[in-house]
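>>> Quick one, fold the following:
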Amino acid sequence: MSDYPDNWSEIADEIKDKAGRKCENCDSDSVPGRILTVHHLDLNKANCTYENLLACCQVCHLSIQAKYRPGQMWLTEKPEWAKKRNL
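Okay, the predicted model is just below:
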C-alpha cells in the first residue's frame, strides 16, 4: 500500500499548475535533467495541503529535503518559496 493518497497524481498536477509548471525554488522550467516534482515539506506523504506541498525540480527537491524542516528558524535569508508561502 502506498503512503500517497489515491488521487496523488491529480494533487501533484494541481500544485505544478499553481506554480506555473516551474520550480518554486530556482524557477527552472525546462532545464535538461531537471524533472518537476512535488515535495512534502513536512515529509508526511498523507499531508497534501497546499501549504505543505512545493513544486520543485529534482535537484531542489533533494536539497530542500536535506535541509528544511517545518517550524525551523532561518539562519540566513529565507528562500523565495518560503517567503511566498509565509513560512
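
>>> Which positions in the helix or strand bottoming out on mean pLDDT in the chain come out as buried?
Of all the helices and strands that make up the chain, the one with the lowest confidence by mean pLDDT, DSSP states H and E is helix 80-84; it has a mean of 71. Judged by neighbour count (16 or more other CB atoms under 10 Å), helix 80-84 contains these buried residues: 81, 82. The C-beta positions use only the backbone N, C-alpha and C, and glycine is treated the same way.

>>> List every C-alpha atom in it, with coordinates, as CSV.
Presented in CSV, the C-alpha positions along helix 80-84 are these (Å, rounded to 0.1, in the frame of the first residue of the first chain):
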residue,chain,number,x,y,z
GLU,A,80,11.8,32.9,-2.1
TRP,A,81,9.4,29.9,-1.9
ALA,A,82,9.4,30.2,1.9
LYS,A,83,8.6,33.9,1.7
LYS,A,84,5.8,33.3,-0.8
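
>>> ok, and what's touching stretch 51-70?
In this structure, residues lying in contact with stretch 51-70 by CB atoms under 8 Å, 6 or more residues apart in numbering are 11-12, 15-16, 18-19, 21-26, 28, 31, 33-44, 81-82, 85, 87.

>>> Can I get it in CSV? Just the C-alpha atoms.
Once non-C-alpha atoms are left out, stretch 51-70 reads as follows in CSV (Å, rounded to 0.1, in the frame of the first residue of the first chain):
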residue,chain,number,x,y,z
GLU,A,51,0.9,24.9,2.3
ASN,A,52,2.7,21.6,2.7
LEU,A,53,3.4,21.0,-1.0
LEU,A,54,6.1,22.6,-3.1
ALA,A,55,6.6,22.2,-6.8
CYS,A,56,10.3,21.9,-7.4
CYS,A,57,12.8,20.3,-9.7
GLN,A,58,14.5,17.1,-8.6
VAL,A,59,17.8,18.9,-7.7
CYS,A,60,16.0,21.4,-5.5
HIS,A,61,13.7,18.7,-4.1
LEU,A,62,16.7,16.7,-2.8
SER,A,63,18.4,19.9,-1.5
ILE,A,64,15.3,21.2,0.3
GLN,A,65,14.5,17.7,1.8
ALA,A,66,18.0,17.5,3.2
LYS,A,67,17.9,21.0,4.9
TYR,A,68,14.3,22.2,5.6
ARG,A,69,12.1,21.2,8.5
PRO,A,70,8.8,22.9,9.2
